[in-house]
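Participant: Sequence unavailable; structure follows:
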């Protein structure tokens, strides 16, 4: 009698508690879907000469030589679209915004997690509370020096939404999701504290299709009532500059007597910052107030 030999299942790494992967079975099901359907993963190409913004802690900027550095630790567990997975760690990533609204939303969220840990659309509220976070942030504007391929998981992208719809309909994903509080993968992907789906998507982008990064809709406050704000990551090396980003200028923020001021510092002597759109908050001054 012949004996049937089955291939060994993929080895799953058990993540120590506490972990941002709250539902490992759902996490695994999403990764497996990506492995089975790599051609279904939508990719958006940002051409050389495109723009990104980054909200970075002023303390990390120092002499401005580190504005394009990747600060995500390899195998870390604090970021949505890079870090630990049950299949190993993704590549470290630099977090960017494709518009000022997304950069603003991220920064404001981290200024007061209790108050801003829910999506909202309120321009006045954002402006009124800007002083709470901007003085500790520097906004850097970059230009891309080469084309970058980003796995596109944006809800306002037809291709991204099409992929998420397929993912949500997958039988294994549905079975795993039935044991979670989520009714749709979008809920899980936008969760503020559970990265089971978002980190799995990051793994698919990085390890399955070899994209340069990911683009998605911010889960934070947005002041765009008619569209979502977009964030992006680009993979790189920990504590090294991202070579595909050319720093153009930065805006350092100060708060004096409840009023916001900012100073523009050019990071590229060949460009005039005034030729580019500024981050809109506060009053521009020539020197720190």
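Facilitator: Good, I have the coordinates. For clarity, every value in this text was computed on a predicted model and none was experimentally measured.
Participant: bridging residues for the closest residue to residue 95 other than its chain neighbours?
Facilitator: Closest residue to residue 95 apart from its sequence neighbours, by CB to CB, 6 or more residues apart in numbering: residue 233 at 5.7 Å. C-betas here are computed from N, CA, C, even on glycine. Per DSSP bridges, the residues bridged to residue 233 are residue 95, residue 214.
Participant: For residue 179, see how far away residue 233 is.
Facilitator: 29 Å (CB to CB, to the nearest Å).
Participant: And those two? Which one has more around it.
Facilitator: Legend: neighbour count by other CB atoms under 10 Å for residue 233 and residue 179, higher for residue 233 (29 against 10).
Participant: what's near enough to touch the more buried one?
Facilitator: When contacts are counted by CB atoms under 8 Å, 6 or more residues apart in numbering, residue 233 touches 81-82, 93-96, 202, 213-214.
Participant: can you pick the most crowded of these?
Facilitator: residue 82 (32 neighbours).
Participant: Which parts of the protein are strands?
Facilitator: 43-46, 51-57, 93-97, 137-144, 148-152, 213-217, 230-235, 245-256, 259-266, 283-284 (DSSP state E).
Participant: Check which helices and strands the fourth one sits against.
Facilitator: Judged by 3 or more CB pairs under 8 Å, 6 or more residues apart in numbering; DSSP states H and E, strand 137-144 is in contact with strand 51-57, helix 58-61, helix 100-111, strand 245-256.
Participant: May I see the buried residues of stretch 59-67?
Facilitator: 61, 64, 66-67 (16 or more other CB atoms under 10 Å).
Participant: Next: stretch 192-203.
Facilitator: Those would be 194-203, for stretch 192-203 by 16+ other CB under 10 Å.
Participant: Distance to residue 245 and pLDDT added to the residues you listed, as JSON lines?
Facilitator: Converted to JSON lines, those look like this (distance: CB to CB, whole Å; pLDDT from 0 to 100):
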{"residue": "194", "distance to residue 245": "30", "pLDDT": "95"}
{"residue": "195", "distance to residue 245": "24", "pLDDT": "96"}
{"residue": "196", "distance to residue 245": "29", "pLDDT": "97"}
{"residue": "197", "distance to residue 245": "27", "pLDDT": "97"}
{"residue": "198", "distance to residue 245": "22", "pLDDT": "96"}
{"residue": "199", "distance to residue 245": "23", "pLDDT": "97"}
{"residue": "200", "distance to residue 245": "26", "pLDDT": "98"}
{"residue": "201", "distance to residue 245": "22", "pLDDT": "98"}
{"residue": "202", "distance to residue 245": "19", "pLDDT": "97"}
{"residue": "203", "distance to residue 245": "23", "pLDDT": "98"}
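Participant: Of those residues, which is the nearest to residue 166?
Facilitator: residue 201 (12.8 Å; CB to CB).
Participant: For the closest one, give me its contacts.
Facilitator: Per CB under 8 Å, 6+ apart, neighbours of residue 201: 30, 34, 81, 151, 153, 189, 214, 216.
Participant: Mind doing that once more with 7 Å?
Facilitator: 30, 153, 189, 214 (CB atoms under 7 Å, 6 or more residues apart in numbering).
Participant: Let's see which of the residues you listed end up in helices.
Facilitator: Among the contacts of residue 201, DSSP state H puts 30, 189 in helices.
Participant: mind listing what's buried in stretch 160-175?
Facilitator: 160-161, 163-164, 167-168, 170, 173.
Participant: Please apply the same query to stretch 69-85.
Facilitator: Buried residues in stretch 69-85 (16+ other CB under 10 Å): 69-72, 76-77, 79-85.
Participant: Now do the end-to-end distance for it.
Facilitator: 23 Å (CA to CA, to the nearest Å).
Participant: tell me the mean pLDDT over it?
Facilitator: Across stretch 69-85, pLDDT averages out at 93.
Participant: Just the residues contacting it, thanks.
Facilitator: 15, 19-20, 27, 60, 89-95, 195, 198-200, 202-203, 214, 216, 233, 236-242.
Participant: Which of the helices and strands in this structure ranks last by mean pLDDT?
Facilitator: helix 113-116 (a mean of 48; mean pLDDT, DSSP states H and E).
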